[in-house]
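J.: this one's sequence-less:
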Ligand code: PMP
């Protein structure tokens, strides 16, 4: 076609694609998806039956909001109903935040590298990203606090951090939150919180209870193993939560997704056995890779970070050839999701052979 198409908003020119290029599976043979921090295990039988039952009613719209799920979450988290927000994945809630809370020209402070949706959400709203480099592999909370100006309207904190897997811990996070002015919204993204069950791990919901400017985001995509159904949730001050609901896509959480999430909440004990398996595998994998000489920072998530700098793309390519699809951050490092023991064994074996590029 030669005719000029209508011009999208200029603000979009500068917005990166969410995942630049998914890794390519080999033409033949098995491959292992270790690039999206998914749960390697299928949904539990109870979630699968809830899915099948709900599927039979998909000729009907779900509620404007997933009311049953909101109710279950409010009880589980011990918060009032009108503090709960939901969306099609927590990325869906980020879009609500962008629409409801950010205006053109606002400054939004976040660490970098961190969750790759951050610059997208901020720029989409016409706001200005203020990226604060990590110190080593962790948040530099002092520098983040210092980056807040009178134009800052939000701070985005991913705890534990994606892609580095690091956690700052409850005490440091509290000290940081105490330095953020009350007019600034803090989005505490706890997508991986269930994998961080050590003493001293912060619980964002407790932090939000005392701080009206703190909201917490969580997801059913990781520990709960329902990434394919797209359910995210969060808690926020009712003034913020109400604004977010105004910007939510109506019926944005489908009926099947809602029922599966409810079933997963009820089956939490079983799910947490899997979470324990994944965190045990994470430690086994980290120990094996460190023994090979790879630099692997401690992870509080379901993935490991290899800060390989300029060598990261070569190592990613070597892994890809053997069907191990990992997430390359060119020039920075590799993020490798903890998989099943079989995937992890293969990974250890292949990385052993790649130590020349280490
Ligand atoms: N936050 C972080 C930090 C993530 O890593 C991810 C997924 N990669 C998400 C949010 C999005 O999760 P969801 O599937 O709920 O949209």
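T.: It's in. The shown structure was predicted, so the numbers you read here are calculated from the model rather than taken from an experiment.

J.: contacts, neighbours, all on C-alpha from now
T.: Will do.

J.: point to the residue nearest the middle of this protein.
T.: Nearest to the mean C-alpha position of the chain, by Cα atoms, centre = their mean, lies residue 191 at 4.3 Å.

J.: work out for me the element residue 150 sits within.
T.: According to DSSP states H and E, residue 150 maps onto no helix or strand at all.

J.: got a list of what residue 106 touches?
T.: 126, 127, 128, 151, 152, 153 (Cα atoms under 8 Å, 6 or more residues apart in numbering).

J.: correction: the previous question concerned residue 325.
T.: 23, 24, 25, 31, 32, 33, 34, 35, 316, 319.

J.: the first one against residue 320, yeah?
T.: It refers to residue 23. Yes: contact criterion Cα atoms under 8 Å: residue 23 and residue 320 qualify, at 7.1 Å.

J.: would you list the buried entries among the contacts of residue 106?
T.: Among these, those buried by neighbour count (16 or more other Cα atoms under 10 Å) are 126, 127, 128, 152, 153.

J.: ok, which of the residues you listed also contact the ligand?
T.: With the criterion set as Cα under 6 Å from any ligand atom, no member of those is near the ligand.

J.: and for residue 276, the neighbour number?
T.: 15 (other Cα atoms under 10 Å).

J.: offset the numbering so it begins at 462, please.
T.: Got it, first residue is 462 now, which makes that one residue 737.

J.: look up how far residue 552 lies from the residue nearest to residue 687 when sequence neighbours are not counted.
T.: Once flanking residues are discounted, residue 687 sits nearest to residue 681: 5.6 Å by Cα to Cα, 6 or more residues apart in numbering. Spatial separation of residue 681 from residue 552 under the definition Cα to Cα, to the nearest Å is 12 Å.

J.: and the two? which has more neighbours close in?
T.: Legend: neighbour count by other Cα under 10 Å for residue 681 and residue 552, higher for residue 681 (23 against 19).

J.: the stretch 662-811 of the chain against the ligand: which residues are in contact?
T.: 680, 682, 688, 691, 692, 693.

J.: quick check: phi and psi at residue 589.
T.: phi -110, psi 120 (degrees, to the nearest 10).

J.: what residues does it make contact with?
T.: By Cα under 8 Å, 6+ apart, the contact list for residue 589 reads 565, 566, 567, 568, 569, 583.

J.: ok, back up a step: among the residues of the stretch 662-811 of the chain next to the ligand, name the ones in strands.
T.: Counting by DSSP state E, those place 680, 693 in strands.

J.: okay if I get the residues of the stretch 662-811 of the chain next to the ligand as JSON lines plus neighbour count?
T.: Shown next, in JSON lines, are those (neighbours: other Cα atoms under 10 Å):
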{"residue": "680", "neighbour count": "27"}
{"residue": "682", "neighbour count": "22"}
{"residue": "688", "neighbour count": "20"}
{"residue": "691", "neighbour count": "21"}
{"residue": "692", "neighbour count": "27"}
{"residue": "693", "neighbour count": "24"}
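
J.: out of the residues of the stretch 662-811 of the chain next to the ligand, who's nearest residue 737?
T.: residue 682 (16.4 Å; Cα to Cα).

J.: so, low pLDDT: which residues of the stretch 512-661 of the chain?
T.: Applying pLDDT under 70 to the stretch 512-661 of the chain flags no residue at all.

J.: need the residues of it near the ligand, please.
T.: 550, 551, 552, 576, 619, 623, 650, 652.

J.: torsion angles phi and psi at the second one?
T.: This means residue 551. When read as degrees, to the nearest 10, the backbone of residue 551 gives phi -70, psi -20.

J.: leaving out sequence neighbours, find the closest residue to it.
T.: residue 693 (4.1 Å).

J.: same thing with the fifth one?
T.: Of all residues beyond its chain neighbours, the one nearest residue 619 is residue 650 (4.6 Å), with distances taken as Cα to Cα, 6+ apart.

J.: quick one: residue 697 and residue 675 touch, right?
T.: Yes: Residue 697 lies in contact with residue 675 (Cα under 8 Å); the separation is 6.8 Å.

J.: overlap of the contact sets of those two?
T.: In contact with both residue 697 and residue 675: residue 669, using Cα under 8 Å, 6+ apart.
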